[in-house]
Each structure stands twice: as structure tokens, then as C-alpha cells.
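A.B. asks: Provide a 3D model corresponding to the input given below.
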Amino acid sequence: MAAVVLVHGLYHCPEHFAVVAERLRTAGTHVVVPELHRGSLPNDTAAVQAAIDSLHEPPIVLGHSYGGSVITGLRGAGHLVYLAAFVLDAGESAASLGGASPQLLDAISPKPDGSTSLHPDRAVDVLYGDCPEPLAAWAVGLLRAQAPGCGRGVPEHHSWKHTPSTYVVCGQDRAIDPGLQRKMASRCTDVREWQTGHSPFIGQPDLIVELLQELLATNTPRRRDEEVTTTR
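C.D. replies: Below you'll find the model as predicted:
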């Protein structure tokens, strides 16, 4: 069975992908949504790698925002999808690329233990500003505190150099500058641009479902030990 792995970003959780996952499953796709919040980029990457290793064929792997840092370090994916996400090269981290917009930085609330959370009212504007109010409120209610340091993590492996990839620029994003997204997108095999905010899986899940179904229809399964070299 064709498989998709959905990787959430900072402050988010698997439930944010609930609608996308349900629609894909209804169409006959096996969907895995790993839980991050493991305390560091290496730990988050290991959790997603374990999910991939449990599958029979290399899946399509989508990473949102910080989830891009995670999927960059993976092995064994059939196709990578970076959704307003970080495509990191050697020595780079999300933080070193200046990923967070001033609006996102203003929404972050530090905690005494070093973790951070997002101020709910500001999170609505930054993450879900193009979503209907009830959906935005639901999504904000799912946000979790974030352990320190994940955004400074540097991947040891760079899967986009060997695996076909699609970058989706979110042109109305208020969390990650679309200009930075376009620069990172140049590292990928294919680029799409949607006029959405940072989180289209909440406001416009059909866009993501349609893209993943398109890729599933054209993705050719390959051995886990086979890496495809693409020309960019």
C-alpha cells in the first residue's frame, strides 16, 4: 500500500494533520503522523526514521516548517515535500537561516524551564491568519510548549541532495518569510507556490491532499538502499 508520512513543525502536534490524514486514508493511502517533541532535532529525526523503517516501501514524506529540518536528515524516503519548511545544507540550522519572522518572534513566550509557547492571540494571526475563526481557534488549542534548541539543530544527512523533492512556498506566510522559502526551494527538484498562510493543512487541506495524491500517482517505489541523484 502506498504510504505518506506527515511531519509537523514546532509547537504543532500530529492532530493538526487530522483532516489531511483522514482524507488520504479514506482514499486508500497508509498515513503515519509521528509525534515529535522529543527534545532535540536528532531525537525528532530518529522518531520519524523509525516510522519510515517500519514501512514496506519508501514513502512520500512531508515536512512542515521545522519538520523540514527533520526530513532533511532522513534516509529511505521516496519523495520529500517541504511545506513552508527548512531545506538545510551542511552546517545550517533553521535558526542560522533567520527562519522566524518578527511576528513569530513577538508571539513566542519564554518559560522558566527554558521551553517556549506561543501567545494564543498572536499565534492565530501568525500561523492561521487565513483560516476561518473556528478552525484557527481549534488549531491554536492544540499548540504545545516547545523544548529549547530544536531550531538550532543541524542535520547530519541531507536527503534532498539524493531524493526527489517538491517545495511548496506559502506566499502569504507570516511565520517564515516567503522570500527565504523561495531561496530554499531552489534546492529542490520541483517548486509550487500557493497563496496561503503558514498552515494550509488547517485552512485548505484539499491543496495538500491533491498534491500528495498527484505525487503518489507518479512516485515509483524504489529499494531502501537506492538513492536517486537529481540534477538541479
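
A.B. asks: and the most centrally placed residue in the chain, what does it touch?
C.D. replies: Nearest residue to the geometric centre of the chain (Cα atoms, centre = their mean): residue 64, 1.6 Å. Residue 64 makes contact with 6-9, 12, 83-85, 199, 201, according to Cβ atoms under 8 Å, 6 or more residues apart in numbering. Bear in mind the C-beta positions are built from the backbone N, C-alpha and C, glycine included.

A.B. asks: What backbone torsions are found at it?
C.D. replies: phi -100, psi 130 (degrees, to the nearest 10).

A.B. asks: Which strand residues bridge it?
C.D. replies: Taking DSSP bridges as the rule, residue 64 bridges to residue 83.

A.B. asks: And residue 109, by the same measure?
C.D. replies: residue 117.

A.B. asks: Make 28 the starting number, not 1.
C.D. replies: Got it, first residue is 28 now, which makes that one residue 136.

A.B. asks: May I see the buried residues of stretch 147-167?
C.D. replies: 149-158, 163, 165-167 (16 or more other Cβ atoms under 10 Å).

A.B. asks: what secondary structure does the residue in the chain sticking out farthest from the centre sit in?
C.D. replies: No residue in the chain sits farther from the centre than residue 139, which is 27.8 Å out by Cα atoms, centre = their mean. Here residue 139 is recorded as coil under DSSP: H, G, I helix; E, B strand; the rest coil.

A.B. asks: Let me know the distance separating it from residue 175.
C.D. replies: Using Cβ to Cβ, to the nearest Å, residue 139 is found at 12 Å from residue 175.

A.B. asks: go on, residue 211?
C.D. replies: The gap separating residue 211 from residue 175 is 23 Å, by Cβ to Cβ.

A.B. asks: again, but for residue 39
C.D. replies: For residue 39, the distance to residue 175 (Cβ to Cβ) stands at 17 Å.

A.B. asks: So between these two, which is more surrounded?
C.D. replies: Neighbour tally, residue 39 and residue 175, criterion other Cβ atoms under 10 Å: the higher count belongs to residue 39, 25 against 14.

A.B. asks: Just the element for the more buried one, please.
C.D. replies: Residue 39 belongs to no helix or strand when assigned by DSSP states H and E.

A.B. asks: Name the nearest residue to residue 115, sequence neighbours excluded.
C.D. replies: residue 99 (5.1 Å; Cβ to Cβ, 6 or more residues apart in numbering).

A.B. asks: go on, residue 156?
C.D. replies: Per Cβ to Cβ, 6+ apart, closest to residue 156 is residue 224, 5.1 Å.

A.B. asks: still on that earlier bit, any chance of the buried residues of stretch 147-167 in a markdown table, plus pLDDT, distance to residue 66 and secondary structure?
C.D. replies: Formatted as a markdown table, those follow (pLDDT from 0 to 100; distance: Cβ to Cβ, whole Å; DSSP: H, G, I helix; E, B strand; the rest coil):
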| residue | pLDDT | distance to residue 66 | secondary structure |
| --- | --- | --- | --- |
| 149 | 96 | 25 | helix |
| 150 | 97 | 22 | helix |
| 151 | 96 | 27 | helix |
| 152 | 96 | 28 | helix |
| 153 | 97 | 24 | helix |
| 154 | 97 | 22 | helix |
| 155 | 97 | 26 | helix |
| 156 | 94 | 30 | coil |
| 157 | 95 | 31 | coil |
| 158 | 95 | 29 | coil |
| 163 | 97 | 28 | helix |
| 165 | 97 | 26 | helix |
| 166 | 98 | 23 | helix |
| 167 | 98 | 23 | helix |
